[in-house]
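Visitor: Make a model of this:
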Amino acid sequence: MSFDVVESFEAALRAFPGAVLVATHDRRFLQNFGGALWQVQDGRISVTQSDNVNAPLHSA
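Guide: Down below sits the predicted model:
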């Protein structure tokens, strides 16, 4: 998606009053919008707060 489309999408999500589950590879999007990063790897789920999404991804 273009930068403008992503910004519009983020604005629409912020205005939405309900919960949203988003699957993305875009770390900037996670920093701007996300509450937590849920990583699934080797059958396990790890949860990281989105303010730490720049931390290296690692195996659980």
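Visitor: contacts and neighbour counts: CA atoms only from here.
Guide: Fine.
Visitor: For the helix ranked longest in the chain, buried residues please.
Guide: With DSSP state H applied, the helix covering the greatest number of residues in the chain is identified as helix 3-15. Going by neighbour count (16 or more other Cα atoms under 10 Å), the buried part of helix 3-15 is E10.
Visitor: just how off-centre is the helix or strand just after it within its chain?
Guide: Helices and strands here follow DSSP states H and E; after helix 3-15, the next one along the chain is helix 27-33. Average the C-alpha atoms of helix 27-33, do the same for its chain, and the two points are 6 Å apart (Cα atoms, centre = their mean, to the nearest Å).
Visitor: now stretch 10-20
Guide: The offset between the C-alpha centroid of stretch 10-20 and the centroid of the whole chain comes to 13 Å, using Cα atoms, centre = their mean.
Visitor: mind checking the end-to-end distance for that stretch?
Guide: Using Cα to Cα, to the nearest Å, the span of stretch 10-20 from its first residue to its last is 11 Å.
Visitor: for the record, mean pLDDT for the longest helix of the chain?
Guide: The predicted model assigns helix 3-15 a mean pLDDT of 89.
Visitor: Who are the packing partners of it?
Guide: With contacts defined as 3 or more Cα pairs under 8 Å, 6 or more residues apart in numbering; DSSP states H and E, the secondary structure elements packing on helix 3-15 are helix 27-33.
Visitor: Can you tell me the SS state at S46?
Guide: Following DSSP: H, G, I helix; E, B strand; the rest coil, we place S46 in the strand state.
Visitor: Using PDB, write down the CA coordinates of stretch 38-49.
Guide: Only the C-alpha atoms of stretch 38-49 are listed here, as PDB (Å, rounded to 0.1, in the frame of the first residue of the first chain):
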ATOM      1  CA  TRP A  38       1.900 -11.400  18.900                       C
ATOM      2  CA  GLN A  39       4.400 -13.600  17.300                       C
ATOM      3  CA  VAL A  40       3.700 -17.200  16.400                       C
ATOM      4  CA  GLN A  41       6.700 -19.400  15.900                       C
ATOM      5  CA  ASP A  42       7.300 -23.100  16.300                       C
ATOM      6  CA  GLY A  43       3.800 -23.600  17.700                       C
ATOM      7  CA  ARG A  44       4.300 -21.000  20.400                       C
ATOM      8  CA  ILE A  45       2.900 -17.400  20.900                       C
ATOM      9  CA  SER A  46       5.000 -14.600  22.400                       C
ATOM     10  CA  VAL A  47       3.600 -11.200  23.100                       C
ATOM     11  CA  THR A  48       5.600  -8.000  23.000                       C
ATOM     12  CA  GLN A  49       4.300  -4.400  23.500                       C
END
